[in-house]
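Colleague: Sequence first, then the predicted structure:
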Amino acid sequence: MDLRDLYQEVIVDHNRKPRNFHRIDHATRKLEGFNPLCGDRLTVYLALDGNTITDLAFEGSGCAISVASASLMTETLKGKSIREAEALFENVHGILTGKPGDGLPGKLAVLGGVREYPTRVKCATLCWHTLSAALHGADEPVTTE
Ligand code: ZN
């Protein structure tokens with residue numbers, strides 16, 4: 001299976017059946033993100049215990065790439081530390097904005113395929129920007145523009 005097939009398969013799967021697609025009633029933090037270029041709008045919920053992300057979920061609506069990216073992000077970062085989340089955000093952002101990098105771990109590697117569609121990069125990074133802002137305690141909605 002080449003990367004293009006894998007890309008299609010993972011994006012379609014996570015868009016059709018998004019993981020962790022719900023609100024968290026007792027979220028430590030929640031934050032909205034909006035990508036006006038595409039109309040993607042989502043809310044990221046996170047529960048923290050010290051420096052550990054014990055729960056991570058999202059709700060909202062958007063294109064397949066924005067939903068799949070958020071689904072992959074929540075699946076990957078649940079149970080991880082804030083430091084790991086921030087390191088991965090830097091890595092994802094770097095890869096998608098064309099900096100050379102080490103590649104992304106596991107299924108997140110498919111997000112690198114979004115680089116071939118420059119107009120969709122903000123769809124893929126929206127949830128990551130929103131999570132990063134939430135981790136920094138932001139309370140204003142995040143917008144990619
Ligand atoms: Zn989009």
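Modeller: That came through fine.
Colleague: which residues in the chain form strands?
Modeller: When secondary structure is read from DSSP state E, the chain shows strands at 29-35, 40-49, 52-61, 142-143.
Colleague: wait, does the first one contact the ion?
Modeller: No. For strand 29-35, no contact with the ion is found by CB under 5 Å from the ion; the gap never falls below 5.8 Å. For glycine as for every other residue, the C-beta is placed from the backbone atoms N, C-alpha and C.
Colleague: where does this structure have low pLDDT?
Modeller: Of all residues in the chain, those with pLDDT under 70 make up the ranges 1-3, 101-102.
Colleague: Which parts of it are helices?
Modeller: 3-16, 64-77, 82-96, 121-135 (DSSP state H).
Colleague: out of these, nearest to Glu145?
Modeller: With distances scored as CB to CB, the stretch of the helices of the chain nearest to Glu145 is helix 121-135 (8.2 Å).
Colleague: which residues are in contact with that closest one?
Modeller: Taking contacts as CB atoms under 8 Å, 6 or more residues apart in numbering, the residues outside helix 121-135 that touch it are 29-35, 37-38, 40, 42, 44, 46, 56, 58, 62-63, 65-66, 69-70, 73, 77, 82, 85-86, 89, 92-93, 96-97, 111, 114-115, 142, 144.
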